[in-house]
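> sequence unknown, structure follows:
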């Protein structure tokens, strides 16, 4: 059985691929329908949008740490299976950065 036939096998058993219940199921599984559900999850919670991230606050960042290093996660070479956060959380790295008086890490471009 080909991949397409296998994908639609439940509908073929029902006898009619274009039967109304099958079309409704396909529509419910579509990315468009799922995006509507996810949108409602965010739209109903104003607490997610109350804080404006579009307005930079550089003085707040300076209060948190005087000296920063910027590290773009895809540019880091980690051990196989090691996450970027695990790499950045290593005690040796923290000590090395601390000896350079770097007390903040900015992740991003």
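Okay, I see it. What you are looking at is a predicted structure, and each value in this text was computed from that prediction instead of being measured.
> all strands for this structure, in order.
Taking DSSP state E as the test, the strands found in the chain are 68-71, 104-107.
> export those to CSV and tack on distance to residue 95, mean pLDDT and mean neighbour count?
For the C-beta atoms, the positions are set from N, CA and C on the backbone; glycine is no exception. Compiled in CSV, those are given as follows (distance: least, C-beta to C-beta, whole Å; pLDDT from 0 to 100; neighbours: other C-beta atoms under 10 Å):
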stretch, distance to residue 95, mean pLDDT, mean neighbour count
strand 68-71, 14, 82, 12
strand 104-107, 14, 83, 13
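> in contact with the closest residue to residue 101 other than its chain neighbours, which residues?
Computed as C-beta to C-beta, 6 or more residues apart in numbering, the closest residue to residue 101 that is not its neighbour in sequence is residue 67, at 5.4 Å. Applying C-beta atoms under 8 Å, 6 or more residues apart in numbering, we find residue 67 in contact with 100, 101, 102, 103, 104.
> from these, pick the one nearest residue 30.
In terms of C-beta to C-beta, no member of the contacts of residue 67 lies closer to residue 30 than residue 104, at 43.5 Å.
> residue contacts, that closest one?
When contacts are counted by C-beta under 8 Å, 6+ apart, residue 104 touches 61, 64, 65, 66, 67, 68, 69.
> among those, find the lowest-pLDDT one for me.
Ranked by pLDDT, those bottom out at residue 61 (76).
> from residue 76, how far out is it?
21 Å (C-beta to C-beta, to the nearest Å).
> low-confidence ranges, the protein, go.
Residues of the chain that meet the criterion pLDDT under 70 lie in 1-19, 44-54, 109.
> the longest helix along the chain packs against which elements?
Longest helix in the chain by number of residues, with DSSP state H as the criterion: helix 31-43. Under the contact definition 3 or more C-beta pairs under 8 Å, 6 or more residues apart in numbering; DSSP states H and E, helix 31-43 sits against no other helix or strand.
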